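Chemist: My questions concern the predicted model and sequence given below.
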Amino acid sequence: MFIATLIAADRLSGGDISKSEDMLRAIGVEPMGRSWIERDKACDLLFSADLLPVRSALEAHFPGVDIVVQGEAGRRKKLLIADMDSTMITVECIDELADYAGLKAEVAEITERAMRGELAFEGALRARVALLKGLDTAMIERCRRERVRLTPGARALVRTMRRDGALTILVSGGFTAFAEPVGEEIGFERVIANRLLGSDGRLDGTVGEPIVGADTKRATLLGALAEHGLDAADALAVGDGANDIPMIEAAGLGVAFRAKPAAAAAADARIDHGDLTALLYAQGYGRAEWAE
């Protein structure tokens, strides 16, 4: 048995659900029931058929609604692996930090190309960090305080899953100076990120090696599964850029959150409209069950 979860950024009506059932019948899939997770917000449709045609049909007919299609069994995941920049927080930290050096446009262009997969992540990170050479390290804390904001739903997602026994890991191609306080604020159990290097109160234009990139993200997911005796089906991975693709593909439910095209194409589901609470609805958690 499979589930298609429809999650509205605004409002989901009974008529929308009836229309979705008609869409399934139009592609030869007989609906086997509906169940509201939260009235007017998120609803499950049960069916027995191939996943991809169902997902494609529903996405084509419901703009403005996020749709997650998955197996009914094991929908509540035991492992969360999440990206930070533009996923758990609303900004790219290195772009914002570069603004304090008057280099935001130049750095942001490299970031965008790397996230689209047009540049190798490791080389792009070294190039961006090199541009920050000489920046006062006090700007890091100032940037975090003034620019970094949590994505709505981040706390609820992580704390609900952790309360129910899931291992939660923030693994970022960004920097520990941002990731560690962000991870603590949200409630992650573990944080993995890169280290900006400097001395005498100035950045020296280098980053600690080896760089946390796509391979590290995938290895972290696989290592956590092995450590806790879990299967890939027990894992939820969420990110937005090309360096998130390996972990998205390795997870039982790989989610692209407001993602670049390459990451969106690789994912099992896309969240384009709602916030991170969509991943709670996808696991069958109504608002009354959220930890926050």
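Modeler: Right, received. Where do you want to start?
Chemist: what lines up beside the helix or strand that contains residue 171 in the sheet?
Modeler: In this assignment (DSSP states H and E), residue 171 forms part of strand 167-175. Within its sheet, strand 167-175 is paired with strand 79-82 (parallel), strand 190-194 (parallel), according to DSSP bridges.
Chemist: Which SSE is immediately downstream of it?
Modeler: helix 176-186.
Chemist: in that following helix, what counts as buried?
Modeler: Buried residues in helix 176-186, counting neighbours by 16 or more other CB atoms under 10 Å, are found at 176-180, 182-183, 186. Where you see a C-beta, it was placed from the backbone N, CA and C, and this is true even at glycine.
Chemist: which helices and strands does that helix pack with?
Modeler: helix 138-147, helix 154-163, strand 167-175, strand 190-194 (3 or more CB pairs under 8 Å, 6 or more residues apart in numbering; DSSP states H and E).
Chemist: Can you add distance to residue 6, mean neighbour count and mean pLDDT and give those back as JSON lines?
Modeler: Formatted as JSON lines, the helices and strands packed on helix 176-186 follow (distance: least, CB to CB, whole Å; neighbours: other CB atoms under 10 Å; pLDDT from 0 to 100):
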{"stretch": "helix 138-147", "distance to residue 6": "34", "mean neighbour count": "15", "mean pLDDT": "98"}
{"stretch": "helix 154-163", "distance to residue 6": "19", "mean neighbour count": "22", "mean pLDDT": "98"}
{"stretch": "strand 167-175", "distance to residue 6": "26", "mean neighbour count": "25", "mean pLDDT": "98"}
{"stretch": "strand 190-194", "distance to residue 6": "32", "mean neighbour count": "21", "mean pLDDT": "98"}
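Chemist: looking at those, which is closest to residue 289?
Modeler: Relative to residue 289, the nearest member of these by CB to CB is helix 154-163, separated by 7.0 Å.
Chemist: Residue 187 reaches residue 150, doesn't it?
Modeler: No - judged on CB atoms under 8 Å, residue 187 makes no contact with residue 150 at a distance of 10.6 Å.
Chemist: Tell me how far the helix or strand bottoming out on mean pLDDT in the chain lies from the chain's centre.
Modeler: Ranked by mean pLDDT, DSSP states H and E, the weakest helix or strand in the chain is helix 51-61, scoring a mean of 85. Mean-position distance between helix 51-61 and its chain equals 21 Å (CA atoms, centre = their mean, to the nearest Å).
Chemist: Next SSE downstream of that helix?
Modeler: strand 65-71.
Chemist: one step back: what about residue 187 and residue 150, which has more around it?
Modeler: Set residue 187 next to residue 150 and count neighbours by other CB atoms under 10 Å: residue 187 wins out with 20 against 14.
Chemist: and that one, how far is that from residue 290?
Modeler: With the distance defined as CB to CB, to the nearest Å, residue 187 ends up 12 Å from residue 290.
Chemist: quick one on the thing from earlier: and the contacts of the least confident helix or strand of the chain?
Modeler: Contact with helix 51-61 is made by 2, 4, 6, 19-20, 23-24, 26-27, 29, 47, 67, 69-70, 269-270, as judged by CB atoms under 8 Å, 6 or more residues apart in numbering.
Chemist: now it against strand 65-71, angle please.
Modeler: 170 degrees (axes from the mean of the first three to the mean of the last three CA atoms, to 10 degrees).
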